[in-house]
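Q: attaching a predicted model along with its sequence, questions to come.
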Amino acid sequence: MSHSHTPLPHTHFEKHKHAGMTLTAEDLLRTQVALVGNPNVGKSLLFNYLSGLYVDVSNYPGTTVEISKGRYNDIEVYDTPGVYGISSFTDEENVTRDMVLRSDVVLNVVDAVHLERDLFLTQQLVDMGKRVAVILNFMDEVRQRGLEIDIKLLSSVLGVPVFTTTAVTREGFERMPEAIRDARRGNQDSDLHHRLHAMLSVAGSEAEALLILEGDEEIAAQHGVQPGAEREEMYVERRNRVNLIINAVLSERGIQRRLSTLLGRWAVNPWTGVPILLGALYLVYLFVGTVIAQDLVDYLETNLGNALWEPWIRGLVSHSISVDSWLGTILIGEFGVLTMTVTYLLFLLLPLVIAFYLSLAIMEDSGYLPRLATLVDRSLNRIGLNGSAVIPLILGFGCVTMATITTRLLGSEREKRITTAILQFAIPCSAQLAVIAAMLAGAGFSAMLIFAGTIFTVFVIVGTILHRTLPGKTSALLIDLPAMRMPRMDNVLRKTAFRTYFFMKEATPWFFAGALGVGIMQVTGLLAMWQEILSPFTTHWLQLPREAATAFVMGMVRRDFGAAGLYDLSLTPDQIVVSLVTITLFVPCIASLMVMLKERGAKEAMIVWFGTWVGAFLVGGILSQILI
Amino acid sequence: MSHIPLHKAKRGSVLRIEGIPEGKSRALLLRLGILKGEVVRCLERLPGGTIVLEKNRQEIAVGFALASTILVAVIPDGHAGTQRKKADVA
């Protein structure tokens, strides 16, 4: 698998601008096919089938949206983000819109069980005058649910060929080349056709003309015209047309309640949904928290990292650089770039990230995640978020750095800001949780309750304060709940591999930069100074032993180091609670800080970072004054 | 028939959409097939007013803030409902 940032021409318009001069004969031969469809319709499975193993995954220029490009014989195939229509409400939609505009053929993948929803996009693609073939996926479920679709009629009403597939068995996949070949322009409404043609001289293509009529500001600006004001009428008209088509082609032979439908309903009902959530979280905890975080990571970190890699690299480097020299300390010392950072990245972070992304992909592909977002929507409203924020918040318990990157999927800047702050303040990551759990186990049940209660209170307070003080309004939840399905393992694995790769690629440099920074602090004596400055806070305000200050310094590098630094001290149960609360609320690890700097900008990142200092010592101190 | 905001709909009730707010969410709702005159069922009403709608075989979750701006009319359920209504009038 090769990954690269492939530069893509930004729009169809640009492509045409260069036509005649730079397009080679080879380029002209290469048909560009875009797979387009609503979210969760099985596009990726078809894409994987067509492209085989050789896939380029890259961020679309200027966005954080991933697109995949593959090759099928002489054809270039693009997988696009799932959308409900072609327009520009989100980054994903912008990318899909551009991909549709520049493609020669659109394979429109449709969830046959949800024709009402999906045909809106189909009709829009037809209206755009693109060469389209429709792929009706999940035909097995159509049969199981007692639905009947008149394929011939559908094809003749739309004016484009319709193929049927079953994702689970890959039935019908072999006809995809035929679909690409047979794709053709469908039946536009004749009024619409004339209107689009009248605009061709300004808009360049019917597709762009349609988007301009529908009020797409970006496309209109590209052509120097005013966006149209008819989106609503056109949408309503299209909706009505789709409803007519549905009435004609779809018939139901009695409704069968399937287990998956029931499970889907239970997942959003509070009485059954909360137990289901707890069950799901427990399974994830068993898998990630015990099997991966404790058993596997322990084994890898100790046996491969500490026992094999570190002595080996230390031996290798110490031939030329003394371990006690300043450069030796930075490279192979306690916080060494080549020692600790490599062990941490490969043997602790990598397995955890894979495990978390795997759990996330399973929850996502089964259709559970949107239901979970629905279940917790109202609770998250209270802290200025909507249900979708549950994804980064859950991921935070795995790795706050990974979760901070995921805040990109939230709807507004305000929500990204609140979620990032909560993650950095109040969510302990899995590395830290392991140490916390071990220490709390020794301190007793009431200590555990006080700890959890305090952290949860801070979570609510931070969210509430930000919600009350930040300007703007939270966007309301509006999501489609896809059918609950058994996830396809190959798709889950592929997704996990891509995401893990991107996360590691993005986060790794920051881990090294952070280690380098701390290494420099260590050799210049700044680290010792920090410890000195912190010690009065530690002994008087928090009433902890003086040595606990070291933990807070280490906590800046790796959160679990901070907690582990407390492990060796002899503390009373109350002191354990105070120190753990403080270290949990304390600054995020250095990689989190770096990612936050990148995602949220220097000013905001610094406010949050210093805010955690104040918050941690304030809450820890108050707790200490009450308890001790 | 009187209109109520969607977030006050009862679980299991059949509703006709009577009013959709202006703005960005309007286009999003239209694409999902929620437009004036459409008939939907309230599958679930979570505490606090998050609503899950069913339209044919499609399920859509609508957050409280949006649901409170959508106006709906409750359609009496099934034949029995209609008869009762007639009896009331008589």
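A: Happy to help now that I have it.
Q: mind listing the strands for the chain?
A: I'll assume chain A. Assigned by DSSP state E, chain A shows strands spanning A:32-37, A:55-59, A:66-72, A:75-79, A:105-111, A:131-137, A:147-149, A:162-164, A:184-185, A:250-252, A:478-481.
Q: try again with chain B
A: B:3-5, B:14-19, B:39-45, B:51-55, B:58-62, B:71-75.
Q: turn the ones you listed into CSV, columns for mean neighbour count and distance to residue A:426.
A: Every C-beta, even on glycine, is put in place using the N, C-alpha and C of the backbone. Output for these, formatted as CSV (neighbours: other CB atoms under 10 Å in any protein chain shown; distance: least, CB to CB, whole Å):
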stretch, mean neighbour count, distance to residue A:426
strand B:3-5, 15, 34
strand B:14-19, 18, 39
strand B:39-45, 20, 30
strand B:51-55, 23, 29
strand B:58-62, 25, 26
strand B:71-75, 19, 38
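Q: between those, which gets nearest to chain A?
A: Of all those, strand B:58-62 sits nearest to chain A, with 4.0 Å by CB to the nearest CB.
Q: then the closest one to PDB, C-alphas only?
A: Only the C-alpha atoms of strand B:58-62 are listed here, as PDB (Å, rounded to 0.1, in the frame of the first residue of the first chain):
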ATOM      1  CA  GLN B  58     -35.500   5.400   7.500                       C
ATOM      2  CA  GLU B  59     -34.700   6.600  11.000                       C
ATOM      3  CA  ILE B  60     -33.600  10.200  11.700                       C
ATOM      4  CA  ALA B  61     -32.500  11.700  15.000                       C
ATOM      5  CA  VAL B  62     -33.400  15.300  15.600                       C
END
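Q: strand partners (parallel or antiparallel) of it?
A: strand A:478-481 (antiparallel), strand B:51-55 (antiparallel) (DSSP bridges).
Q: take these and lay them out in CSV including mean pLDDT.
A: Shown next, in CSV, are those (pLDDT from 0 to 100):
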stretch, mean pLDDT
strand A:478-481, 88
strand B:51-55, 92
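Q: just send those back as TSV, with distance to residue A:390 too.
A: Formatted as TSV, the strands paired with strand B:58-62 follow (distance: least, CB to CB, whole Å):
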stretch	distance to residue A:390
strand A:478-481	12
strand B:51-55	16
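Q: which residues touch the residue nearest to the spatial centre of chain A?
A: With distances taken as CA atoms, centre = their mean, residue A:406 lies nearest the centre of chain A, 4.4 Å away. Residues near residue A:406 by CB atoms under 8 Å, 6 or more residues apart in numbering or on different chains: A:391-392, A:395.
Q: what stretches of chain B score poorly on pLDDT?
A: Low-confidence segments of chain B, defined by pLDDT under 70: B:1, B:77-90.
Q: just the pLDDT for the nearest residue to residue A:155 once chain neighbours are set aside.
A: Leaving aside its chain neighbours, residue A:155 sits nearest to residue A:162 (4.2 Å; criterion: CB to CB, 6 or more residues apart in numbering or on different chains). Note on residue A:162: pLDDT of 97.
Q: right, and residue A:162 touches residue A:151 too?
A: Yes. Counting by CB atoms under 8 Å, residue A:162 touches residue A:151, with 5.3 Å between them.
Q: neighbour count winner among the two?
A: Between residue A:162 and residue A:151, counted using other CB atoms under 10 Å in any protein chain shown, the more crowded position is residue A:162 (25 against 17).
Q: which residue ranges form the helices in the stretch 351-500 of chain A?
A: In the stretch 351-500 of chain A, the helices defined using DSSP state H, counting those that start in this stretch lie at A:368-381, A:390-396, A:400-406, A:413-426, A:430-443, A:445-469, A:489-524.
Q: sorry, back to before: kindly reformat the strands of chain A as TSV containing distance to residue A:224.
A: Formatted as TSV, these follow (distance: least, CB to CB, whole Å):
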stretch	distance to residue A:224
strand A:32-37	26
strand A:55-59	29
strand A:66-72	28
strand A:75-79	28
strand A:105-111	27
strand A:131-137	27
strand A:147-149	44
strand A:162-164	38
strand A:184-185	27
strand A:250-252	43
strand A:478-481	33
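Q: among these, which gets the worst mean confidence?
A: Among the strands of chain A, strand A:55-59 scores lowest, with a mean of 68.
Q: outline the domain layout of chain A.
A: A:12-187, A:270-476+A:487-627 (automatic domain parsing).
Q: tell me how far residue A:89 lies from residue A:432.
A: Spatial separation of residue A:89 from residue A:432 under the definition CB to CB, to the nearest Å is 38 Å.
Q: comparing those two, which residue is more hemmed in?
A: Neighbour count, other CB under 10 Å: between residue A:89 and residue A:432, residue A:432 has more, with 25 against 16.
Q: tell me how far the more buried one lies from chain B.
A: Using CB to the nearest CB, to the nearest Å, residue A:432 is found at 32 Å from chain B.
Q: let me see the contact set for that residue.
A: A:559-560, A:562-563, A:583-584.
Q: just send the residues you listed back as JSON lines, with neighbour count, distance to chain B and pLDDT too.
A: Listed next are those as JSON lines, based on neighbours: other CB atoms under 10 Å in any protein chain shown; distance: CB to the nearest CB, whole Å; pLDDT from 0 to 100:
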{"residue": "A:559", "neighbour count": "29", "distance to chain B": "33", "pLDDT": "73"}
{"residue": "A:560", "neighbour count": "24", "distance to chain B": "36", "pLDDT": "70"}
{"residue": "A:562", "neighbour count": "27", "distance to chain B": "37", "pLDDT": "71"}
{"residue": "A:563", "neighbour count": "27", "distance to chain B": "36", "pLDDT": "72"}
{"residue": "A:583", "neighbour count": "29", "distance to chain B": "34", "pLDDT": "88"}
{"residue": "A:584", "neighbour count": "26", "distance to chain B": "29", "pLDDT": "89"}
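Q: most widely separated two among those residues?
A: A:560 and A:584 (11.1 Å; CB to CB).
Q: quick one: neighbours of residue A:170, just the number.
A: 12.
Q: quick one: pLDDT of the residue lying closest to it once chain neighbours are set aside?
A: Nearest residue to residue A:170, sequence neighbours excluded (CB to CB, 6+ apart): residue A:49, at 6.8 Å. In this prediction, residue A:49 carries a pLDDT score of 88.
Q: I figured residue A:49 hits residue A:173, correct?
A: Yes. The pair residue A:49 and residue A:173 passes the contact test of CB under 8 Å, sitting 4.8 Å apart.
Q: need the contact list for the nearest residue to residue B:44 once chain neighbours are set aside.
A: In space, and not counting its chain neighbours, residue B:44 is closest to residue B:52: 4.0 Å by CB to CB, 6+ apart. Residue B:52 makes contact with A:268, A:374, A:481, B:42-46, B:59-62, according to CB under 8 Å, 6+ apart.
Q: let's see 10 Å
A: A:264-265, A:268-269, A:371, A:374-375, A:481, B:11, B:41-46, B:59-62 (CB atoms under 10 Å, 6 or more residues apart in numbering or on different chains).
Q: same question, residue A:214
A: The contact partners of residue A:214, taken as CB under 10 Å, 6+ apart, are A:85-87, A:124, A:127-128, A:220, A:227-235, A:238, B:27.
Q: could you tell me which of those belong to helices?
A: Of the contacts of residue A:214, the ones assigned to helices by DSSP state H are A:124, A:127, A:220, A:231-235, A:238, B:27.
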